[in-house]
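Trainee: Sequence below, structure please.
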Amino acid sequence: MNETHAEFYERWSAAARPYFAWQFAQFAPFVGRRAADVGCGLGSFVEHFLAAGVERYLGVEPDPELRARFTQRHRDPRVRLARTGDATDPALAEEMRAAGIDTAFSVNVLEHIERDDLALARMIDGTAPGGTVCLLVPAHPFLYGTLDALDGHYRRYTKGSLRALVERAGAGKVDWLRLHRFNALAALGWFVKGRVLKETAQADENYALMNAVLPLVSRAERLVRPPFGLSLIAVLRRR
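Mentor: Numbering: from 1, shown residues only. Next up is the predicted model:
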């Protein structure tokens with residue numbers, strides 16, 4: 001029997017838990033008390049938000065099956081799904097404002113949205129003044145290959161293109177707090193698998209290898225920011 005999208009996501013989320021923890025750690029100093037997780041999937045970051053002291057978590061997810069599984073998995077009264085799962089919907093910004101959201105968080109989501117400027121504009125507009133917008137997006141267009149196509153990516157970003165996107169989506173509304181590259185070692189693997197070997201499936205052993213080397217890689221990147229990486233980390237302060 002073929003694996004469904006949700007079943008794959010469930011398996012992948014379980015295997016990638018250490019990686020999610022490392023990703024969240026990049027933003028932990030900037031997380032407030034009320035967070036919107038845009039593109040939350042099954043809620044892989046929920047445990048990290050609650051451990052960080054978040055009092056209200058608003059998940060935003062368009063996929064009906066993932067929404068149903070999210071609801072089954074997360075029973076904490078601090079956690080709920082937004083009424084709209086469409087990140088470009090003006091109603092999302094309204095719901096975020098009504099919930100008093102002070103942290104908009106989005107990891108590996110904007111690249112899946114054709115109008116990424118609209119999605120980012122909703123996140124910015126929905127975040128309270130003084131709050132933060134935390135983004136992780138895939139870096140380096142030259143890395144775009146079969147794995148990006150498999151994941152449904154419209155694009156990969158440079159620092160320049162991400163700055164231009166922020167300018168289009170939130171000109172005069174945000175200030176930059178952080179922008180740097182992240183996960184250099186995985187960028188090499190992504191290039192080989194997606195551009196050289198042109199693989200069309202993610203193998204389970206990729207996650208085992210990632211978990212094995214993650215402690216060393218994360219320690220190295222705490223000491224020195226890499227000159228290239230699989231992703232870009234960005235943190236904006238809402239004016």
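
Trainee: what comes up buried for stretch 200-216?
Mentor: Across stretch 200-216, burial judged by 16 or more other CB atoms under 10 Å covers 206-207, 210, 214. In this view, the C-beta of every residue, glycine as well, is placed from N, C-alpha and C.

Trainee: just checking, what packs against the longest helix belonging to the chain?
Mentor: When the chain is parsed with DSSP state H, its longest helix is helix 204-223. Helix 204-223 is packed against helix 5-15, helix 17-25, helix 184-191, with contacts defined by 3 or more CB pairs under 8 Å, 6 or more residues apart in numbering; DSSP states H and E.

Trainee: Show me the one of these that comes nearest Ala169.
Mentor: When the helices and strands packed on helix 204-223 are compared by CB to CB, helix 17-25 sits nearest Ala169, at 21.8 Å.

Trainee: Distance from the chain centre to the helix or strand that comes right after the closest one, please.
Mentor: Using DSSP states H and E, the helix or strand that follows helix 17-25 towards the C-terminus is strand 34-38. Relative to its parent chain, strand 34-38 has a centroid offset of 11 Å by CA atoms, centre = their mean, to the nearest Å.

Trainee: partner strands of strand 34-38, parallel or antiparallel?
Mentor: Here strand 34-38 has these sheet partners by DSSP bridges: strand 56-60 (parallel), strand 103-107 (parallel).

Trainee: With Phe30 as the reference, name the closest of those strands.
Mentor: The closest of the strands paired with strand 34-38 to Phe30 is strand 103-107. By CB to CB, the value is 7.1 Å.

Trainee: could you give the mean pLDDT of that closest one?
Mentor: Taken as a whole, strand 103-107 has an average pLDDT of 99.

Trainee: then that strand to PDB, C-alphas only?
Mentor: Output of strand 103-107 as PDB, limited to C-alpha atoms (Å, rounded to 0.1, in the frame of the first residue of the first chain):
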ATOM      1  CA  THR A 103       5.700  35.900  17.500                       C
ATOM      2  CA  ALA A 104       5.100  34.800  13.900                       C
ATOM      3  CA  PHE A 105       7.100  31.700  13.200                       C
ATOM      4  CA  SER A 106       7.500  30.000   9.800                       C
ATOM      5  CA  VAL A 107      10.000  27.300   9.000                       C
END
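
Trainee: Next, the angle helix 17-25 makes with it.
Mentor: Compare the direction of strand 103-107 with that of helix 17-25 by axes from the mean of the first three to the mean of the last three CA atoms, to 10 degrees and you get 140 degrees.

Trainee: What count of nearby residues applies to Thr84?
Mentor: 17 (other CB atoms under 10 Å).

Trainee: Give me the below-cutoff pLDDT ranges for this structure.
Mentor: Low-confidence segments of the chain (pLDDT under 70): 1-2, 203-205.

Trainee: which residues does the most centrally placed residue in it bridge with?
Mentor: Taking CA atoms, centre = their mean, the centroid of the chain lies closest to Val107, which sits 0.3 Å from it. Beta-bridge partners of Val107, counted by DSSP bridges, are Leu136.

Trainee: Could you measure from it over to Tyr19?
Mentor: Between Val107 and Tyr19 the computed distance is 10 Å (CB to CB, to the nearest Å).

Trainee: same question, Ala25
Mentor: According to CB to CB, Ala25 stands 11 Å off from Tyr19.
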